[in-house]
Every structure is written in structure tokens, then in C-alpha cells.
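Trainee: Structure for this input, please:
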Amino acid sequence: QVQLVESGGGLVQAGDSLRLSCAASRRTFNTYTMGWFRQAPGKEREFVAGISRSGGSTDYTDSVKGRFTISRDNAKNTGYLQMNSLKPEDTAVYYCAADYTVVGVIPRRESAYAYWGQGTQVTVSS
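Mentor: Purely as a prediction, here's the structure:
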């Protein structure tokens, strides 16, 4: 089992940047695929980005491609989501998630991830 703790959220203006971090409690972090999800008020939680165990493969939802970058530092047991050119529609609670997956597979569905952080609020004002 692994515990995940997100940090880095906040209130920013449109066009600004934020970097979210996801700290994992176990040294075996490099055996987990990691994903970032978000949930806006009144909406379902949605996939934002995912990264393979080694960091060699990534996946993004279309609305963040070219603006967000997912990465990880397995030596520090930490994952990141760099968010640039933020828009008001990016406002949401952001969650990191992790689980074992088939090598090279980055699931987009919530049910594929057993471990979740508590979430961090990102608010983008216009």
C-alpha cells in the first residue's frame, strides 16, 4: 500500500503557472504508474495526465496538451504536474493516483488506480 500527498495548489490568475507535487510514502514508487485527475464543481472526476513507471511514457487529455507536463522523480518518490497557461476552466480539485499496471499501459479510468491522494485545490481567476 502507498500513501499519496498532493501539494502546490492555490489561487492564480489566467495565464499563470503552478506545479503540483505528489509525494509517495513508499520507496517502491517506481513500480507504480501514476495519474493526475481533477474534479470541478458539479462535474465528474476526469483524467488529466498519466505517466509510466519509468517516466518514459506519458498521456494527456486533449484539453491540457501543450500546457501541462507530467513528470516524476523516482529517487525522491515524487510525481509532478507542471501547469502552464492556466485557464479558468482548469479550476478543480486535483488528485494524484497510483497503482500497478501492465508495463507501458497508462490507464485513464479511475477504477484502474487503487491509491489516491486527498486532493489539492487549484483556482484560476479570469
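Trainee: just to confirm, which helix or strand has the residue nearest the centre of the chain in it?
Mentor: With distances taken as CA atoms, centre = their mean, Trp36 lies nearest the centre of the chain, 2.3 Å away. Assigned by DSSP states H and E, Trp36 falls within strand 33-39.
Trainee: which outside residues touch that strand?
Mentor: Taking CB atoms under 8 Å, 6 or more residues apart in numbering as the criterion, the residues outside strand 33-39 that touch it are 20, 22, 45-53, 70, 72, 79, 81, 90, 92-101, 105-108, 110, 113, 119, 122. C-beta coordinates here come from the backbone N, C-alpha and C atoms, glycine included.
Trainee: For the following helix or strand past it, which residues meet the burial criterion?
Mentor: Next helix or strand after strand 33-39 toward the C-terminus (DSSP H and E): strand 46-51. Judged by neighbour count using 16 or more other CB atoms under 10 Å, the buried positions of strand 46-51 are 47-51.
Trainee: Which stretches in the protein count as strands?
Mentor: 4-7, 10-13, 18-24, 33-39, 46-51, 58-60, 68-73, 78-83, 92-99, 115-116, 120-125 (DSSP state E).
Trainee: could I get the ones you listed as TSV with mean pLDDT?
Mentor: Below are the strands of the chain laid out as TSV (pLDDT from 0 to 100):
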stretch	mean pLDDT
strand 4-7	96
strand 10-13	98
strand 18-24	97
strand 33-39	97
strand 46-51	98
strand 58-60	97
strand 68-73	98
strand 78-83	98
strand 92-99	97
strand 115-116	96
strand 120-125	98
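Trainee: hmm, back to that, across the sheet, point out what pairs with the residue nearest to the centre of the chain.
Mentor: Using DSSP bridges, the bridge partners assigned to Trp36 are Ala49, Cys96.
Trainee: Tell me the spacing between it and Thr61.
Mentor: Using CB to CB, to the nearest Å, we find Trp36 at a distance of 10 Å from Thr61.
Trainee: sorry, back to before: what subset of the contacts of strand 33-39 is buried?
Mentor: Buried members of the contacts of strand 33-39, scored by 16+ other CB under 10 Å, are 20, 22, 45, 47-53, 70, 72, 79, 81, 90, 92-99, 101, 106-107, 113, 119, 122.
Trainee: Okay then, goodbye and thanks.
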